[in-house]
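Visitor: Got a sequence here, can you model it:
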Amino acid sequence: MFLGVDATQVEINPFGETPDKRVVCFDAKINFDDNAKFRQKEIFDCEDTAESDPREVEATKYNLSYIGMSGNIGCLVNGAGLAMATMDIIKLHKGEPANFLDVGGGASEDQVKQAFRILTIDPQVKAILVNIFGGIVNCATIANGIIKACKDTKLALPLIVRLEGTNVEKAREILRNSGLAITPASDLADAAQKAVASL
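Guide: As a prediction, this is how the structure comes out:
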């Protein structure tokens, strides 16, 4: 079963014995590998998202990892480890992250735009912090995505951007010349401090 349907968990709990001595499964749980959606389309089409956070459901459509939280600083980051570090340093500087949002290592301009759209539909979000380390992803691609997202969403929230890595100088120039109210940050601590101060 694990190999046939790309299951990551198969649980039968509880079993019970009926008065006529039959052993019956009263409940079962099966989880499937998200990376196998392309192979297990029929199974994933059965998914019931009625009780899921609509932002999380929307994020999965664009291959974004999103988890809503209770704070007011929206985070757009690439890489789970960097996302965790970003949330930690926001808290260190007395702020509260509104989410975990990982655009991944190969983010496109459209994914950045969709990420901004998801962040801005959250009424709790009062500022957005973008923290990108462009190892695989090109910082210029992110910068262009940020500009398009700001224009498409008519962003009126404070936006703090920290970029490092591949093509970062070009990306900084793109943001500088955009005419948009984007606050650059020199490092992660600077970004967190500016995000908290913007509230």
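Visitor: On the three-state scheme, the closest residue to residue 186 other than its chain neighbours is what?
Guide: If the residues on either side of it in the chain are set aside, residue 186 comes closest to residue 162, at 7.5 Å by Cβ to Cβ, 6 or more residues apart in numbering. For the C-beta atoms, the positions are set from N, CA and C on the backbone; glycine is no exception. Under DSSP: H, G, I helix; E, B strand; the rest coil, residue 162 falls in the strand class.
Visitor: per-residue pLDDT, residue 162?
Guide: Residue 162 is assigned 96 on the pLDDT scale.
Visitor: Test my guess that it contacts residue 189.
Guide: No - taking contacts as Cβ atoms under 8 Å, residue 162 lies outside contact range of residue 189: 9.5 Å.
Visitor: Of these two, which one has the most company?
Guide: residue 162 (23 against 13; other Cβ atoms under 10 Å).
Visitor: Kindly provide the distance from the more buried one to residue 187.
Guide: Here residue 162 is placed at a distance of 7 Å from residue 187 (Cβ to Cβ, to the nearest Å).
Visitor: One more: residue 78?
Guide: Residue 78 is 16 Å from residue 187, by Cβ to Cβ.
Visitor: before we move on, what about residue 67?
Guide: For residue 67 relative to residue 187 (Cβ to Cβ), the value is 25 Å.
Visitor: Pull out the buried positions in stretch 116-130.
Guide: Judged by neighbour count using 16 or more other Cβ atoms under 10 Å, the buried positions of stretch 116-130 are 116, 118-120, 125-130.
Visitor: Please disregard the earlier target; I meant stretch 102-112.
Guide: 102-104, 107-109, 111-112.
Visitor: Equivalent analysis for stretch 21-30, please.
Guide: Quick answer for stretch 21-30: no buried residues (16+ other Cβ under 10 Å).
Visitor: Just the endpoints, please. Distance across that stretch?
Guide: End-to-end distance of stretch 21-30: 26 Å, with Cα to Cα, to the nearest Å as the criterion.
Visitor: can you give me how far that stretch is from the chain middle?
Guide: 37 Å (Cα atoms, centre = their mean, to the nearest Å).
Visitor: got it, and stretch 52-67?
Guide: 7 Å.
Visitor: That one: end-to-end distance?
Guide: For stretch 52-67, the end-to-end distance is 11 Å (Cα to Cα).
Visitor: Mind listing residues that contact the host helix or strand of residue 196?
Guide: Using DSSP states H and E, residue 196 sits in helix 188-197. With contact meaning Cβ atoms under 8 Å, 6 or more residues apart in numbering, helix 188-197 is reached by 73, 85-86, 89-90, 92-95, 127-129, 131, 158, 160-162, 183, 185.
Visitor: Just give me the closest of the buried residues of stretch 116-130 to residue 12.
Guide: residue 118 (36.3 Å; Cβ to Cβ).
Visitor: Surely the closest one and residue 103 touch.
Guide: No - contact between residue 118 and residue 103 fails when scored by Cβ under 8 Å: they sit 10.6 Å apart.
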